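A.B. asks: Using only what follows, build the 3D model:
(chains A and B)
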Amino acid sequence: MAMALLALSCSGGDGTDTPSASTSSTASAGEPRFGGTLVVGTNADPGPLNPGITTSVPTHVVTGPMFNGLVGIDQELQPTPDLATSWEISPDGLTTTFRLAQDVRWHDGQPFSSADVKFTFEQILLPFSARTKAALTPVLAGIDAPDDTTVTFRFSRPYPAFLALIDKVNAPILPRHLYEGTDPMTNPVNQRPVGTGAFKFASATPGNEYRMVRNDDYFGEDGPYLDEIVVRVIPEQASLAAAFEAGEVDYLPLPPEAEVDRLAELDGVVATDAGREAFASVTFLVFNLERPALQDRRVREAIALAVDKQFIIDAVLDGNGIPTTGPISPDLVTFYSDDVVVHPPDAERARTLLADAGAADLALTFVHDPSVARLAAVLKDQLDQIGIDLQLVSLERNAWIDRLYKAKDFDLSYTNFENGPDPAIGVHRAFLSSNIGPVPFSNAAQYRNPEVDDLLTRAGTTVDTDERVKLYDEFQKIVSEELPYLYLYQVDRGVLYRSEFGGLHDDSGKAIIYYEDAYSREGEPQPPSG
Amino acid sequence: MTGHYALRRAASLVPSLLLVVTATFALVHLAPGNPVNTLAGGQSSAEYRASLEQRFGLDRPLPEQYLRYVSRLARGDLGRSIIQGRPVAEVILERVPATLMLVVPALVLSAGVGAALGIAASRRPGSFRDRLLMVGALSGQCTPVFVSGLVLVLVFSLWLGWLPVQGMRTARSAGHGMEGTADLARHLVLPVVTLTLPHIAIIARLTRSGTINELHQPYVTTARAKGVAPGKVISRHALPNTLGPVATAIGNETAFLLGGAVITERIFGWPGLGRLTLDAALARDYPVMLGVVLVVAVAVALVNLAVDLLYPVLDPRVRLR
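C.D. replies: Numbering: from 1, shown residues only, chains lettered A, B, ... in the order given. You can find the predicted model right below:
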């Protein structure tokens, strides 16, 4: 779910009394120290530990420390060196050439090279990663690896968003020698991942705990500082909150909605929303457009009119969110448009529309994972008021992803789409007809509109910003009227961590899944010898 | 004679286990719709459905599937987990020790404490002590595990800071040897107490009513008339006669304890069978669910067998033939 729940508030909106009263500045004080264990608490199991085949946040929370991308992203959303130490864009904008770091080794000792990069993009990311597939397939002409430390991407048209799309969330580089000739979905390496990252896989008990230890041979200049990172899976939200309160867990990248305000007030807790610029996620209600009842636009509009977004934000998110009118987050100030069709709550009109569509007494399924149980309950109640019987189907997170994107067996569902720093990264994938497939976080509604395909393809490959703005304006108008999805809200929720730790979320671009800079203030001033 | 009896009782397990096996098979195959629909969803592609059918051998005739299922079970093969992609037997076995660590102490504690409370209450039926104990027992029995568990966490972990909130070991440094054992013990306390509370109540009430009933029997009056001390009347005369039904109840409690473990393990993040069951149910991981049903059925059957075999020891009136 595309870094989803993390994405935080609207920059111009009601961000003033959010839980982020104490800012990340407290965290950046002091020199990094060595040693210690960071315990991360999450409420969903990551599933297979392959970051290249899913953008699901719980997966990346675990795999983040173990992998690298070609570049990182800094606070201004500009690329920073990661596996690539430098890069060059040709004057015509059609090729981007990366110079890779030297002497990088995979955790199993094998050398890393440009062949790994070429393999990862061609065999894993383009076929299996929703965002990369939607963004790059229309424009990428080829990838060359002329020598071990050089890799060149050739484009058929200039692709301005490219450097924002190749960080380790969107494009983690995987080991060719372990994945070549295998099915990356089922390869046993997914149980014991091998990366280039600052931390190495140590052990896993699925559904319970994942442990990683410091990679002493890490190629990065600073860090890692921590000895160990432990990710505990605690599905019960009250227990997750209690474990954080009791100090058993140090870091909550996805704090429980109902508890976040209370936990943020505790002594020794840092609440920050740094990172929201990089995520900006919008929660969608997904209509399965292959279901006859939902193919009638009047039925989708009736549902839109029945849903009271502000009530949902107050009741489900304890006020920590803003209603959205379209798929592009208001955080993306350049491309966001409010010139769209809106659907203020109007049960009367909704019932009339349903009657006109001959869809009175409709029964629909709402397939979801337990993290949105409260949203499901509110939706059921709101749709009940216009005579729709919403049947709730709660599935474990990975089963929900399978049901939504692979089996496509649902009437209504939900999903969080992280916009990323550019709509080309996070928004296109949900609307392009070429992106309907078994890939998680792709075009879940199975929406097909040639005009939208054309608008997005042009918007993704046009360099001129004013021209892009016009294309995205038109796109937002169309999809707010056609309603392949109902755009519910943007979560305005920070992360929480204990103030004994530093180097977390100092840098928005490194939020959530970058741990190489994290350190314990109770650690040693010098690295351990040997 | 006892050996023969034990063998006969053990042999009688075979048909009941076969019944369980057949029932679990039927659960999947005779439920409305076919299992592929359940697994793949109504709108899945033909290709995906075919691959599932082949993977689970669902393209074969039903009797053949049944025989294959039984013969696989006989070899300890419970199939593969859909979600984890590993053998079900492996997935289940690695969770068994954690659950035993909860259930065995809970069983012992609920039996011991429950019986003691029941006897204490039975001494003067209707007295203040009796009423207090029984009201306490009733509240223990009525409080859902998810309420008592969270209240215990609130008091002992968050307010007093004595015991950990979740997990089986401290994530940071569990320690080794004695230190590791102590760490594990500290993590055990709250889940075991949570799991035990409702069952203490059941055993206490059963022991109380059984003992009171026995105390009205003529042989007790005789014992009293002979001048046997009141404590001894209970311990030597009345109690042994109530132990049979109590033992049976303890046997039955095993199934309920395992059920209680589902919620308790979720609250305390305890990595046992209970959490596996819930996760598998939410994930629609049928092979794991069926595997758990089988393992639990076998466990409950074995405990009940043990209770049956204990009966003659507890109650000499039961003659084994």
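
A.B. asks: Poorly predicted segments of the chain, please.
C.D. replies: Reading this off chain A. Applying pLDDT under 70 to chain A flags residues A:1-30, A:75-76, A:275-279, A:493, A:506-513, A:528-530.

A.B. asks: actually it's chain B I care about, not the one you picked
C.D. replies: B:1-2, B:28, B:30-49, B:52, B:55-56, B:174, B:316-321.

A.B. asks: Contact residues of the stretch 51-200 of chain B facing chain A?
C.D. replies: Counting by CB under 8 Å from any CB of the partner chain, the stretch 51-200 of chain B comes close to chain A at B:83-85, B:94, B:150, B:153-154, B:157-158, B:161, B:164-167, B:170-173. The way it works is simple: take the backbone N, C-alpha and C, and place the C-beta from them, glycine included.

A.B. asks: Among the residues you listed, which ones are in strands?
C.D. replies: Among those, none falls in strands (DSSP state E).

A.B. asks: Derive a ChimeraX selection command for the buried subset of those.
C.D. replies: Of those, the buried ones go into a single ChimeraX selection, burial set by 16 or more other CB atoms under 10 Å in any protein chain shown:
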select /B:83,84,94,150,153,157,164,165,166,167,170,171
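
A.B. asks: Within range of chain B, give me the residues from chain A.
C.D. replies: Counting by CB under 8 Å from any CB, chain A sits next to chain B at A:37, A:39, A:45, A:47-48, A:186, A:205-209, A:230, A:232-236, A:238-239, A:242-243, A:245-246, A:248-249, A:290, A:370, A:394-396, A:398-399, A:403, A:406-410.

A.B. asks: let's see it at 7 Å
C.D. replies: A:37, A:39, A:186, A:205-208, A:230, A:232, A:234-236, A:238-239, A:242-243, A:245-246, A:248, A:290, A:370, A:394-396, A:398-399, A:403, A:407-409 (CB under 7 Å from any CB of the partner chain).

A.B. asks: Do a quick rundown of the helices in the stretch 351-500 of chain A.
C.D. replies: Here the stretch 351-500 of chain A has its helices, by DSSP state H, counting those that start in this stretch, at A:373-384, A:397-401, A:423-426, A:450-461, A:465-482.

A.B. asks: Next, the angle from the last one to helix A:450-461.
C.D. replies: Same thing as helix A:465-482. Angle between the axes of helix A:465-482 and helix A:450-461 is 150 degrees (criterion: axes from the mean of the first three to the mean of the last three CA atoms, to 10 degrees).

A.B. asks: ok, residues contacting helix A:465-482?
C.D. replies: A:297, A:325-328, A:334-335, A:337, A:339-341, A:423, A:431, A:449, A:451-452, A:455-456, A:458-459, A:462 (CB atoms under 7 Å, 6 or more residues apart in numbering or on different chains).

A.B. asks: and if you look at the fourth one?
C.D. replies: Taking CB under 7 Å, 6+ apart as the criterion, the residues outside helix A:450-461 that touch it are A:135, A:138-139, A:157-159, A:161, A:424, A:428, A:431-433, A:468, A:471-472, A:474-475, A:478-479.

A.B. asks: Can I get it in PDB? Just the C-alpha atoms.
C.D. replies: C-alpha atoms of helix A:450-461 as PDB (Å, rounded to 0.1, in the frame of the first residue of the first chain):
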ATOM      1  CA  PRO A 450      -8.300   5.400 -23.700                       C
ATOM      2  CA  GLU A 451      -8.500   9.200 -23.100                       C
ATOM      3  CA  VAL A 452      -7.100   8.800 -19.600                       C
ATOM      4  CA  ASP A 453      -4.400   6.500 -20.900                       C
ATOM      5  CA  ASP A 454      -3.400   9.100 -23.400                       C
ATOM      6  CA  LEU A 455      -3.500  12.000 -20.900                       C
ATOM      7  CA  LEU A 456      -1.400  10.100 -18.400                       C
ATOM      8  CA  THR A 457       1.100   8.900 -20.900                       C
ATOM      9  CA  ARG A 458       1.600  12.400 -22.200                       C
ATOM     10  CA  ALA A 459       1.800  13.900 -18.700                       C
ATOM     11  CA  GLY A 460       4.400  11.400 -17.800                       C
ATOM     12  CA  THR A 461       6.600  12.100 -20.700                       C
END
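
A.B. asks: Centre of the chain to that helix, how far?
C.D. replies: Remark: helix A:450-461 is offset 22 Å from the chain centroid, using CA atoms, centre = their mean, to the nearest Å.

A.B. asks: What residues sit buried inside it?
C.D. replies: Applying a neighbour-count criterion of 16+ other CB under 10 Å, the buried positions in helix A:450-461 are A:452, A:453, A:455, A:456, A:457, A:458, A:459, A:460, A:461.

A.B. asks: Tell me which residue in the stretch 151-300 of chain A sits closest to chain B.
C.D. replies: Residue nearest to chain B within the stretch 151-300 of chain A (CB to the nearest CB): residue A:208, separated by 4.0 Å.

A.B. asks: how many other residues sit next to the residue of the stretch 351-500 of chain A found nearest chain B?
C.D. replies: Nearest to chain B, among the residues of the stretch 351-500 of chain A, is residue A:409, at 2.5 Å (CB to the nearest CB). A count of nearby residues for residue A:409, using other CB atoms under 10 Å in any protein chain shown, gives 19.

A.B. asks: how near is it to residue A:346?
C.D. replies: Distance, residue A:409 to residue A:346, by CB to CB, to the nearest Å: 31 Å.

A.B. asks: before we move on, the earlier item: and the residue of the stretch 151-300 of chain A closest to chain B, how many neighbours does it have?
C.D. replies: Neighbour count of residue A:208, defined by other CB under 10 Å: 22.

A.B. asks: who's in contact with it?
C.D. replies: A:233, B:271.

A.B. asks: picking up where we left off before, out of the contacts of helix A:450-461, which are buried?
C.D. replies: A:135, A:138-139, A:157, A:159, A:161, A:424, A:428, A:431-432, A:468, A:471-472, A:474-475, A:478-479.

A.B. asks: Quick check: the residue of the stretch 351-500 of chain A closest to chain B vs residue A:400, distance?
C.D. replies: Plainly put, residue A:409 is 11 Å away from residue A:400 if you go by CB to CB.
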